Structures are given as C-alpha cells and as structure tokens.
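**Student:** kindly return the folded structure for what I paste below:
(one chain, ligands or ions: 1)
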Amino acid sequence: MPGKVTLVGAGPGDPGLLTRKGLEALERADVVVYDRLVSPAILALMPEGAVKINVGKEASRHPVPQEQINQILLEQAQQGHNVVRLKGGDPFLFGRGGEELELLAEHRIPFEEVPGITSAIAAPAYGGIPVTHRDCCSSLHIVTGHQRAGKELAIDFEALVRTGGTLVFLMGVSALPTICAGLLDAGMAPDTPAAVVERGTTPAQRRVSASLAELPRAAEAAAVQSPAVIVVGDVCALADQFDWFDHLPLKGKRVVVTRPRERAGTLSARLRALGADVWEYPCIATVPITPCPAADGALERLSGYEWLALTSPAGVDAVWACLEGKGLDARALGGLKLAAIGPGTAKALAGHGLRADYIPEVYDAAHLGAGLPARGRVLILRAEEGSPALTEALKGRNIGYDDVACYRTVYENPRSDELRAAVESGAAGIVTFTSASTVKGFVASVGEDADFSRMVGACIGAQTAAEARKHGIPAAVAREATMDALVELITALRD
Ligand code: SAH
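**Tutor:** Reported below is the predicted structural model:
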C-alpha cells in the first residue's frame, strides 16, 4: 500500500502562522521533507520519531535538485510512509509545489495540499503594510524577480505600471536595481512609496522604506539580503503608522527558554507573541521513575494519609503514570485532601478533574510546608532531591510526612559551545529559569567556569534565584511563581 504525501505550507517564519491543518499533518508524519526557508521553531514541531530529510540549500552548498526532491517524495510514499513536504510560505506560490505533485499524480500516489500563509502578504503585514487599501489601489500583483542564469528579467513592467495596483516582488533582492529601473522606465512616478521587508515575521525582521527611485540605494546601504519581499505602491506610505510588529515590547530581545521540552511551548509562544527572539534550549527533562516501589507502596496505603502534596505539573503527570500502572484513576485519591504548590500544579490537577484544597499564598516549597493546614500525615510525591524547605517546615510543625520520589530530573544537553559563546558575548540576553534544576542543567551545558556576567537569569522564585547567584548568574525574581509573573518580569527587564 502506498502512503500519502501532504504538501504543507509552513508560513513565512513566525511559527504561530502555521495553520492548524498543517500542524495536524505534521504531527501525523513519519517522514518530513523540508526546505531552507522553514523556520527552526517550526522544525522543532516535527514529531521526534519522524525521519527528517533536509532538501534546502545551505549557504555554500547546492540545493537538492528539484527532480531528486520529486523522486524522494515518490519513493518515501511508495514505501508506505505518511510524508509531509514542508515548504516556506504557501507551497503553490513560487514554491514549485505543482511540480512535486506531477510525479505523484503520474504514479497514483494519494496527495493533499495544505495552503500556507505566504510571505508575499505576511511580510508586508508584519512591516505595517496592508497590501491593499480602498483609498489607494484595487489590485495586488505578485511577481517573481528571479533571473534565470544569463537571461533578462521577463517582466512586463509597462503592464504592471498600468494596473495601478500594489506590486510585490519575491526573490528580487539581487534584481532590485533592475526592477526599480524597469518600473521607472515604464513611467511609474519616482516618488512612489516602496519598501523592502527582510526576513519578515521573524524576530530578525527589518523594513527599509524609501521612494521607488531611492529604494535600491537605501537597501544597499542597509545591506538587505534574501529572503526579502519588495513592495511598491501607495500602501507603503502607511508603514510607519501601522508598524505594530516592531513596537512589540520584547522586539529584538533574545530570550532563552530552558524549560523541559514538553512544557516549554506555552512560555515560548507567549514570549514570541510579545516579539521576543526565543531560543528553546531545554536543559532538563523529567522522567518518571519506573518501576517505582516507593510510590506504589504509598499509593497502596493512601488511607493512612490526610493530605497529598504535589509540587509541580511534572509531579502530577508522574502520579498519574503510577496510578495508571496500577489500573487506578482519580477515584483512588478520593479520600485525600490535595495541596498544590501553585496555580500551574493546581491546573494540572484540574486537568484530571480534581480541585486543589490548598495552594499557599507564596508559591514555593517553604510556604507550602509552613501553611499546609494538616492534622494528619502528609504524602509528598515529587522529584528526587526535592527542596528540603518543604520537609523542614513540616518537621518544624511536628507534622508527619512521607517524602516519596516518583520522577527524576535529568540534564538534557551535553556541553554546548554555541550556548556558551552566546552567554559570554551577551547574545543570550535573558535566560528563563523555572526551577533550581533548570539552573543546574543550564550551567552544566554552558560550563561551570563560564563568564555569566553578561546575561540575566529571569527566575520564577527566590530558591531558583539563589541557585543562579551561586553560579555567578545575575538574577531577577518574578513577583510570584507563575508564568504570568515571569513574562511580566521579562518584559520589565527588556532594557
Ligand atoms: N512559497 C513562498 C515563496 C518562495 S520563493 C511563499 O509563499 O512565501 C522565496 C522568496 O519568498 C524569497 O526570495 C523571498 O522573496 C520570499 N520570502 C520567503 N520568506 C520570506 C520572509 N520571511 N520574509 C521576506 N520574504 C520572504
């Protein structure tokens, strides 16, 4: 049985611009064949088990020839795989998507196409340029500026100028002077507003605006490079007024997110939505301890406890793994009161239909131990080497407890020279720490002897900050231990 090929438009760069249908296709893929223009944040969404084939060109190397890409798609599908062909922007707009489908159609391989958001519209949009506006134009023309080797640009400039519409040129950076001269020769006014938007919708986006006559010089002065779109038309005059993306609070800020991979998504997405240049660099991973006789034993003696205390969403996941392993579900916890260290953990419990009976006012281990209104015994199910502040506080109050480890933290990444260079040069900017273990994992990746003085650790709480300072990392602490407060802190740190 042959598999299937789904051509998916990945959008222009911002991972939020991948369509839902595109993401669903990606999540189901066994094989992903991808291009150079697909952004790293979208590549990070590829399923871990999928085979990833890069057919995009690197700066110095040649791309895989189109015929060979067509062949790869055919062969992978013939082997029965569910293949996603991931392409920048929209697959059918100067994306050679049609060519890729021809061979599949010939061999009767089933295929689908998921349109993507094209850079032709999105890059101007993120640069503050609406490609049409009732007051200035009634059409939009998308033109390739690609010159075949040794050939003239095959553009009918006179026809384009006659339309009076907005003109968008893709693949036009090297031909920019020729394009502008062609339009001027065809009679377009030299003071027509124009712009180039480079790496649109990404944190590195730049817009250069100038009149048609001045644009080649302005772009050269700014050393504009591909990928960039060229926009010509009166709508370009609106850019300064509508330039929303450049004014986002974290625009231009690099933020390194060290949370475990499975939990990084929401923090990263929120930071990106504020314009940050997010690097996901998971420094720790949490793995359930299996088999876990200590936790199993505790779960068999639940009637001996008044409270169950949980100190992280990962802890909630680990408890569920244990329960499921024993063929149990939430009802097994029915007789217990539940304590959560903070709203994140409470939310994880709510995901299983359970409401936390107690959340301390300050979301940390010390306050959980100090405030827990316990009369009977407390079962703590948490990570190996959890904070001693919790058990010390309970001890001090003469409350009996069992502290049972049900998952452990492992340090994910080997030493990274790239990360170290970014930290020492100041390029790493702000690094988020959501637990003391993320600090330890980060320091292990960068190297204990690195110079941390040019970065700032944005820490979720006092204990995390104390761990950061121990390694010489300048630390700032969130108002409270929540993702909201951490994002607020990062926004305040931006200057
Ligand atoms: N199918 C793609 C276009 C592929 S042609 C789409 O729909 O967007 C490649 C050209 O697209 C580049 O030369 C550049 O002109 C444009 N392009 C792609 N991504 C871009 C981006 N993020 N910002 C600006 N231009 C981009």
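**Student:** A helix includes Val255, no?
**Tutor:** No: looking at Val255 with DSSP: H, G, I helix; E, B strand; the rest coil, it is strand, so not inside a helix.
**Student:** I figured it hits Gly275, correct?
**Tutor:** No: using C-beta atoms under 8 Å, Val255 is not in contact with Gly275, being 10.2 Å away. Every C-beta, even on glycine, is put in place using the N, C-alpha and C of the backbone.
**Student:** what's the average pLDDT for stretch 299-306?
**Tutor:** Stretch 299-306 comes out with an average pLDDT of 93.
**Student:** what is in contact with Val255 and Gly275 at once?
**Tutor:** Here Val255 and Gly275 share no contacting residue, scored by C-beta atoms under 8 Å, 6 or more residues apart in numbering.
**Student:** what's the closest residue to the ligand within the chain in contact with, if anything?
**Tutor:** Nearest to the ligand, among the residues of the chain, is Gly89, at 1.9 Å (C-beta to the nearest ligand atom). Shown in contact with Gly89 (C-beta under 8 Å, 6+ apart): 9-12, 37, 95, 116-120, 122.
**Student:** what does Tyr407 give?
**Tutor:** With C-beta under 8 Å, 6+ apart, Tyr407 has these contacts: 286-289, 314-315, 317-318, 382-384.
**Student:** quick one: low-confidence ranges for this structure?
**Tutor:** Scanning the chain for pLDDT under 70 picks out the ranges 57-61, 262, 264, 412-413, 494-495.
**Student:** how about the residues of it by the ligand?
**Tutor:** 12-13, 37, 88-90, 93-95, 118-120, 123, 170-171, 197, 199-202, 226-229 (C-beta under 6 Å from any ligand atom).
**Student:** could you rerun that using 5 Å?
**Tutor:** For the chain, the residues in contact with the ligand (C-beta under 5 Å from any ligand atom) are 12-13, 88-90, 93-95, 118-119, 123, 170-171, 200, 227-229.
**Student:** so among the residues you listed, which ones count as buried?
**Tutor:** Buried members of those, counted by 16 or more other C-beta atoms under 10 Å: 12-13, 88-90, 93-95, 118-119, 123, 170-171, 200, 227-229.
**Student:** please flag which of these sit within strands.
**Tutor:** Judged by DSSP state E, strands contain the following of those: 170, 228-229.
**Student:** Val255 and Gly275 - which one has more neighbours?
**Tutor:** A count of neighbours by other C-beta atoms under 10 Å puts Val255 above the other of Val255 and Gly275, at 27 against 20.
**Student:** for that one, give the beta-bridge partners.
**Tutor:** According to DSSP bridges, the residues that bridge with Val255 are Val278, Ile430.
**Student:** give the contact list for it.
**Tutor:** 271, 276-279, 429-432, 458, 490.
**Student:** could you rerun that using 7 Å?
**Tutor:** Contacts for Val255 (C-beta atoms under 7 Å, 6 or more residues apart in numbering) come out as 271, 276, 278, 429-430, 432, 490.
**Student:** break this structure into its domains for me.
**Tutor:** 4-117, 120-238, 254-283+412-492, 287-411 (the TED database).
**Student:** can I get the ones you listed in a markdown table including distance to Phe245?
**Tutor:** A markdown table is the format used below for these (distance: least, C-beta to C-beta, whole Å):
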| stretch | distance to Phe245 |
| --- | --- |
| domain 4-117 | 9 |
| domain 120-238 | 4 |
| domain 254-283+412-492 | 7 |
| domain 287-411 | 30 |
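**Student:** quick check, Ala393 in a strand?
**Tutor:** No: according to three-state DSSP, Ala393 belongs to no strand; its state is helix.
**Student:** how many neighbours does it have?
**Tutor:** A count of nearby residues for Ala393, using other C-beta under 10 Å, gives 18.
**Student:** right, and it touches Ala370 too?
**Tutor:** Yes: counting by C-beta atoms under 7 Å, Ala393 touches Ala370, with 4.7 Å between them.
**Student:** residues in contact with whichever helix or strand Val33 is part of: which ones?
**Tutor:** Secondary structure assigned from DSSP states H and E places Val33 in strand 31-34. With C-beta under 7 Å, 6+ apart as the test, strand 31-34 has contacts from 26, 43, 46, 50-56, 69, 72-73, 76, 81, 83-86.
**Student:** in contact with Val257, which residues?
**Tutor:** 264, 267-268, 278-281, 432.
**Student:** out of the contacts of Tyr407, which are buried?
**Tutor:** 286, 288-289, 314-315, 317-318, 382-383.
**Student:** among those residues, name the ones in strands.
**Tutor:** Using DSSP E, those in strands are 286, 288, 382-383.
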